Structure formats: structure tokens, C-alpha cells
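> Structure here, sequence nowhere to be found:
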């Protein structure tokens, strides 16, 4: 009985923490100037307890365009697998993505949202980077 408790109690405690903190980090890889053909992306680390949706957006004043949407899958046995999941994705900007944007300052925003656990959805993890548009 002691051996079973010695293994399962620490895993259950850490699993509870992972249910609350689902996104460990979100980093954007964005050049300071964006133009057609620019390459940008994100790196995310998650607890692996639930699926995490990641969205990359370009925002300038009242205009916003979603550049990419990604999904980071959870572990097959999410409650007992404590390994961190690292994922990344990249996108190349096309001229169509710049339609409606002007030359000048803008913001690239990354939003990572975990899934509901214990009747609670954690707040999104948001990272922003200032850029200059040269469409």
C-alpha cells in the first residue's frame, strides 16, 4: 500500500498543478519589420494535460487579421504523463494578409488557450510584439 501511495500521490499532486497551469510559455519569432514574404512563428510549451489552441494575429488600429491557428495536442494519458510538450509553427506572410493594412506601426499578438479542467478554463496566455508594416 505504501509503494502505491508513494507513486500515485506525487503524480496526482503534479497533475493537479498541470490542470491549473496549462501553458508554461509562449514566445513569438517576429522580425521588427513585416512585408510580403516575411517569416514569423511561435514556440509554445504546455503541460500536456489538455489540448492548447494557439492563434497568431496582426493588429493595426481597428483592423485585425488572423495569420495562423495551431493546435497542440495533449498526452495520450494526460493525467499521468508529466512531460512538457514543446511545439512550434511558422507562417510566411502573403500580400493578401496585408490587404486593408497601412504602412506604419502594428502589433503581432500570440494567444494560447488551454482547455477546461475542473469546471474552469484558465485565462489565455498573451504575448505581443510591436512591428512596423511595409506592405
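Perfect, thanks for sending it. Please read these numbers as outputs of a predicted model, since none were measured by experiment. Numbers count the residues shown, from 1 in each chain.
> Centre-most residue in this structure?
Nearest to the geometric centre of the chain sits residue 112, at 3.3 Å (CA atoms, centre = their mean).
> pretty sure that residue contacts residue 43?
No: contact criterion CB atoms under 8 Å: residue 112 and residue 43 do not qualify, at 10.7 Å. C-beta: built from backbone N, CA, C; applies to glycine.
> Mutual contacts of these two, please.
Listed as contacting both residue 112 and residue 43 by CB atoms under 8 Å, 6 or more residues apart in numbering are residue 26.
> before we move on, back to that, and the residue nearest to the centre of the chain, bridged to which residues?
Legend: beta-bridge partners of residue 112 under DSSP bridges are residue 54, residue 125.
> Let me see the confidence value for it.
The model reports residue 112 with a pLDDT of 97.
> do the same with residue 85
Reading off the model, residue 85 has pLDDT 94.
> Same check on residue 94?
Model confidence at residue 94, given as pLDDT, is 87.
> Equivalent analysis for residue 99, please.
With respect to pLDDT, residue 99 has a value of 81.
> measure it to residue 12 for me?
To residue 12, residue 99 is 51 Å away according to CB to CB, to the nearest Å.
> ok, how many other residues are close to residue 59?
Residue 59 sits with 15 neighbouring residues when counted by other CB atoms under 10 Å.
> Could you list the residues in contact with the helix or strand bottoming out on mean pLDDT in the chain?
Lowest mean confidence among the helices and strands of the chain (mean pLDDT, DSSP states H and E): helix 2-20, at a mean of 83. Under the contact criterion CB under 8 Å, 6+ apart, helix 2-20 has outside partners 47-50, 79-80, 82, 117-118, 120, 122.
> filter those residues to the buried ones?
Buried residues within the contacts of helix 2-20, counting neighbours by 16 or more other CB atoms under 10 Å: 47-50, 82, 117, 122.
> Mind jotting down where the strands sit in this structure?
23-29, 33-34, 39-46, 52-60, 63-72, 85-92, 104-113, 125-133 (DSSP state E).
> quick revisit: got the angle between the least confident helix or strand of the chain and strand 23-29?
Here the directions of helix 2-20 and strand 23-29 differ by 40 degrees (axes from the mean of the first three to the mean of the last three CA atoms, to 10 degrees).
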